[in-house]
Structure formats: C-alpha cells, structure tokens
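Engineer: okay, predicted coordinates and the sequence, questions at the end:
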Amino acid sequence: MSEKFDFIKQDYLDGIIEENKIPKKEEVISVLEKGKEKKGLSIEETFILLQANDAESIEEIYETARKIKDDIYGNRMVVFAPLYITNECSNICDYCGFRADNKELHRRTLTMDELKEEVRILEDIGQKRLLLVYGEHPKFKVDWIAETIEACYSVKSGNGAIRRINVNIAPMEIKDYETIKKTGIGTYQCFQETYHRKTYEKVHISGKKKDYLYRLYALDRAQQAGIDDIGAGILFGLYDWRFEVLALLMHAEHMEKEFGVGPHTISFPRIEPALNAPISENPPHKVTDEQLKRLIAVLRIAVPYTGLILTTRENPDLRRELLSLGVSQISAGSRTYPGAYHDEKHNKPSMQQFTIGDTRSLDEVIEDVASHGYIPSFCTSCYRKGRTGTDFMELAKPGHIHTFCHPNAILTFFEYLEDYGSKKTRDAGYKLIEKEIKKIENDIMKKAFNEKFEKTKNGERDLYF
Ligand code: SAM
Ligand code: SF4
C-alpha cells in the first residue's frame, strides 16, 4: 500500500465527536451484549460506549470489561521495567523533556558497560522483562541499537536473566527493522502520540518525528520486516480522548486488514509534567481519571485480545483500580532516565523524563498486586515458543493461552519469591500460589506443572510451557 494514504478518517471522527450524540441505555446494553462475545467492536459501537453518560450504563461497561478481562487473562498481571538507554534527541516534541531545545537537561547515553550495570541492578531485584527506550538522534545507527539489545540479553547475574526485551524506538526503514528483529526482541512499540493530524503537526515542532505519515506507517514497516508483535499507543492529553481511542481502533483495523493481526499491545500514557515542556504542565485536552477508566474498559471490550499496558505514570490507588478494568501488563519500580537505576542505588540524584506517579519498589508493587489477588507474572514463554503475531491470536482466541499462561505465571512468580521476595511479599505470594495451583484442572497439565514446580523448588530455573 502507498505510504501516502491517511487511513485515519479525520473528518468523520471530528464530525461524530462534534455531534456528541448521547446513546440510549438500550443501545449501550446491545453493544455490551455483542462485546461479551469477545469478538471485538466496530468504531461506531465503541463510540456508543465512550459516549454513555448515565451511571448505570457506565457501571455495566465496567462490569463487562471486568468479565472479559477475567475470562481471557484471569488474574495474571505481567510485570516489566523500562530501561532508558539515551535521552539524546534531535526532535522537538512539545510535551517531552528530552526535546532537543531543552538546554537544562543533562544529556546522557549509556556506554555498553553502564548499560550492563543497569541490567545487572534490574536482574538483582528480579526483573525479567525490559522495555528499552531510546531518544531519536542521527548518531544512533541501527547497529548500535542492536548491540545495546544484545548487551542486555548477555547479562546474567545470579539466577537473574532478561528473558524478553521489548523496545520503544522511533520509526525506521524496513531493513533497519530487520536488523532489530534478528536480536530477538519481543514487541516493537511506536506510539502515534496523537492521531489527529493537525494536532500532530502542531506539537511536533521540528525533527524527523514531524512527519505524521512516516510515523503512522512505522508499525506496517515493522510487520513487513517480520516483527509480528507490535505495540501501538497514544499520549493522552494532546487531543480529544474519544477521537484518539477511535483512531487507534482504525489503526488496529488497518493492521488486521494488511497483516491479519492487530497490535499485540496498546499503551495509553497520559502527559505528565516534564522539564521545559510547557504543554506537559497543562495539556490542552487533559484526560481525567474517570475518562482514563472508561477508555481502558472500552478498549478491553473493543479489542479483547490485545494486551493493555499501564505504566508508573499513574499513582498506586488508580493503578489498583485499573487492573480489574482491563490492564494486563504493568511496569514497576520504574525510573525514566538513562543510568537512573545505578544512580538511585548509589543515592545519587537523577532526573526523570516526566513525573512518576508510582515510585514504589518492584517488591512493594509485587506485594500489593499479590495481596489484591493478582499473580504477578514474569512469563516470557510465548515469544520464545514462537507464539507470536497471528499464531498468538489463533491460540489466544479460543482461550488456549489460559492453559499456558496460568501455570507459567505461577512458576515465574514462585521463582521471584524464592530469589528476590521480601518476607512480606513471600507471605502474601506463597498463600496466593497455593490457591492458584488448585485452579489447574486439566490432569495432564497438572502432572506436567507439578514436575516443573518441584524442579523449580529444587533450584532449577526458567521452566515453562
Ligand atoms: N523517542 C522515541 C519516540 O518518540 O518514539 C521513543 C522514546 S519516548 C521517550 C517514549 C514515549 O514517552 C513517547 O512515545 C511518549 O508517548 C512518551 N512521553 C513523552 N513525553 C511525555 C510526558 N511528558 N509525559 C508522559 N509521557 C511522555
Ligand atoms: Fe525525542 Fe521521543 Fe521525547 Fe520526542 S518523545 S523529544 S522523539 S524522546
């Protein structure tokens, strides 16, 4: 397909949002009935759920989202940490503290040794899944990026290892994505930030990122290079939240049509205050907590098999609430500045990309998540077993993923408790694991699980289905 075509129907979306039609309760209920079939929703149906404004309809939306979340993902919660490699950037994005014209920001790009030290620190607290984050600068060639990924995979500290690396990198050419794919990444993320083209062009003041269409087709190029787990996202606060949600679904529909599979994950950061980024202090379309809750619940219903990622931008109370509404992955213990894990360990002050809402340690988050009945999962099995892209979706849709994910979550959580858990976390965790093991019903799986569980108890690591 030509890269000139904007598949986001800008005028149509602006039109329905301006019309602002409030649906009748029966319409909401009928969309929810369809949602319960877990086959997803159309743009129009999704809009009905975004527009519902009576308390009863809203509660029904939340109930449906909770039910779908529970059916597909159970009580597992995948945990990861971001790792910032560089904050050098040649773009000027109005909302970001890494913008090229921010003279007050201390610029830093980790050396390979510094990077490995960051990974060691993260492994030593129990992290297994990383999201590598990069600024965009012409001096960062793809071979260097590939080297940083390989460096992270190479670090082994004690029982620790990084078993899955997802990356958040600015758009590239297909041949560069091919190089990245060879390093064995999990998901490639690139957020459109805003799908509203006029807003996009306004807030991206200068640099390569200014090109809306080049970014819009980044996930296509990644797919063409064979990266079949891709992550889409919106930076909420730049334009009307409802426009963004519907446009993101148009993006997902486009990916489905072209490649037979939509995004593997969706991220929905809200703009947080960042140094010398004035609009981050007062975003033009600030999204409230209620709107965030709604959009997560609605996405859960509209794209039931797509992972929803919640970061530490949000505070602990809200994060707790959002888990049940549809979130399937959370970051924990995050720092958003190159070298920040090392700096913190050595009590050195360090800046961040933006204000963090949840500053708790990984162990504190794990304890909290477990004592609320969720199994923190460090599982990385799917992509290592080749269950990615369409293969993942084919397995996920009939619910087979449940069969693998639940035992894998228990095994990886158990490893965490044994190797890194504090006393309080272990107390909460072992209790939960005892309960969860009883939920494995299939006899063959029960036997296979018990074998792996015993081996893990005896010190073996990284056993999975
Ligand atoms: N430079 C790459 C890019 O722009 O695609 C990736 C790294 S960038 C640091 C990662 C994400 O941070 C951006 O896609 C954006 O959504 C988010 N971000 C930027 N400024 C932010 C802010 N003030 N608050 C919250 N998130 C922000
Ligand atoms: Fe650079 Fe990305 Fe920040 Fe824009 S969002 S200034 S591209 S790091």
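Structural biologist: On my side now, so go ahead. Numbers count the residues shown, from 1 in each chain. Ligands and ions are numbered 1, 2, ... in the order given.
Engineer: let me know the pLDDT of the closest residue to His342 other than its chain neighbours.
Structural biologist: The spatially closest residue to His342, leaving aside those adjacent along the chain, is Glu117, at 5.5 Å (C-beta to C-beta, 6 or more residues apart in numbering). Any C-beta I mention is one placed from the backbone N, CA and C, and that applies to glycine too. What the model reports for Glu117 is a pLDDT of 98.
Engineer: Glu117 should be in a helix, yeah?
Structural biologist: Yes. Counting by DSSP: H, G, I helix; E, B strand; the rest coil, Glu117 is part of a helix.
Engineer: give me the number of neighbouring residues for it.
Structural biologist: Residues lying near Glu117 (other C-beta atoms under 10 Å) number 17.
Engineer: likewise for Val287?
Structural biologist: 20.
Engineer: isn't it right up against Ile234?
Structural biologist: No. Val287 is beyond contact range of Ile234, at 9.7 Å (criterion: C-beta atoms under 8 Å).
Engineer: distance check, Cys379 against ligand 1.
Structural biologist: From Cys379 over to ligand 1 the distance is 24 Å, taken as C-beta to the nearest ligand atom, to the nearest Å.
Engineer: ok, now which ones touch that residue?
Structural biologist: 76, 78, 405, 408-409, 411-412, 464 (C-beta atoms under 8 Å, 6 or more residues apart in numbering).
Engineer: out of those, which is most surrounded?
Structural biologist: That'd be Thr412 among those, by other C-beta under 10 Å, with 28 neighbours.
Engineer: secondary structure element for that residue, which one?
Structural biologist: helix 400-420 (DSSP states H and E).
Engineer: Val78 looks like it's in a helix, true?
Structural biologist: No. Applying three-state DSSP, one finds Val78 to be strand, outside a helix.
Engineer: please spell out which residues along the helix or strand just after the helix holding Thr412 are buried.
Structural biologist: Next in sequence after helix 400-420, counting helices and strands by DSSP H and E, comes helix 423-437. Of all the residues in helix 423-437, those buried under the rule 16 or more other C-beta atoms under 10 Å are 425-426, 428-430, 432-433, 436-437.
Engineer: of the contacts of Cys379, which one scores lowest on pLDDT?
Structural biologist: Comparing those by pLDDT, Cys405 comes last, at 89.
Engineer: do I have it right that it meets Met77?
Structural biologist: No. Look at Cys405 against Met77 with C-beta under 8 Å: they stay out of range, at 11.0 Å.
Engineer: between these two, which contacts overlap?
Structural biologist: In contact with both Cys405 and Met77: Ser377, using C-beta under 8 Å, 6+ apart.
Engineer: before we move on, the earlier item: surely the residue nearest to His342 meets Asp343?
Structural biologist: No. Counting by C-beta under 8 Å, Glu117 sits too far from Asp343 to count as a contact (10.8 Å).
Engineer: Gly233 belongs to a helix?
Structural biologist: No. Secondary structure of Gly233 (three-state DSSP): strand, not part of a helix.
Engineer: so what pairs up with it in the strands?
Structural biologist: Note on Gly233: beta-bridge partners Ser267, judged by DSSP bridges.
Engineer: okay, it: pLDDT?
Structural biologist: Taking Gly233 on its own, its pLDDT is 98.
Engineer: kindly report the residues of this structure close to ligand 2.
Structural biologist: 89, 91, 93, 96, 98-99, 135-136, 170, 209 (C-beta under 6 Å from any ligand atom).
Engineer: how about a cut-off of 8 Å?
Structural biologist: 87, 89-93, 95-100, 134-136, 170, 193, 204, 207, 209, 353 (C-beta under 8 Å from any ligand atom).
Engineer: among those residues, which are in strands?
Structural biologist: With DSSP state E as the criterion, strands contain 92-93, 134, 204 from among those.
Engineer: which one among those residues gets closest to Thr456?
Structural biologist: Of all these, the one with the least separation from Thr456 (C-beta to C-beta) is Tyr134, at 34.6 Å.
Engineer: now do the residue nearest in space to the middle of the chain against Glu123, distance only.
Structural biologist: A centroid search over the chain (C-alpha atoms, centre = their mean) returns Ile309, at 3.2 Å, as the residue closest to the centre. Relative to Glu123, Ile309 is positioned 21 Å away (C-beta to C-beta, to the nearest Å).
Engineer: same question, Leu432
Structural biologist: Look at Leu432 and Glu123: by C-beta to C-beta, they are 24 Å apart.
Engineer: measure how buried Glu256 is and give me the count.
Structural biologist: 15.
Engineer: surely it touches Gly262?
Structural biologist: Yes. Between Glu256 and Gly262 there is a contact under C-beta under 8 Å: 4.8 Å.
Engineer: so who does Ala55 touch?
Structural biologist: Contacts of Ala55 (C-beta under 8 Å, 6+ apart): none.
Engineer: mind checking pLDDT for it?
Structural biologist: 97.
Engineer: gap between it and Ile61?
Structural biologist: Taken as C-beta to C-beta, the span from Ala55 to Ile61 is 11 Å.
Engineer: again, but for Tyr153
Structural biologist: For Tyr153, the distance to Ile61 - C-beta to C-beta - is 41 Å.
Engineer: so between those two, which is more surrounded?
Structural biologist: Ile61 (25 against 17).
Engineer: tell me which element that one is part of?
Structural biologist: Going by DSSP H and E, Ile61 is part of helix 55-73.
Engineer: can you report how many residues neighbour Lys38?
Structural biologist: Other residues close to Lys38 by other C-beta under 10 Å number 15.
Engineer: per-residue confidence, it, what does it come out as?
Structural biologist: Per the predicted model, pLDDT is 96 at Lys38.
Engineer: touching, Asp60 and Val31? I think so.
Structural biologist: Asp isn't right for residue 60; it's Glu. No. Contact criterion C-beta under 8 Å: Glu60 and Val31 do not qualify, at 9.9 Å.
Engineer: how about Gly326: what's its closest non-neighbour residue?
Structural biologist: Closest to Gly326 by C-beta to C-beta, 6+ apart is Arg300, at 2.9 Å.
Engineer: I am finished for the moment; much appreciated.
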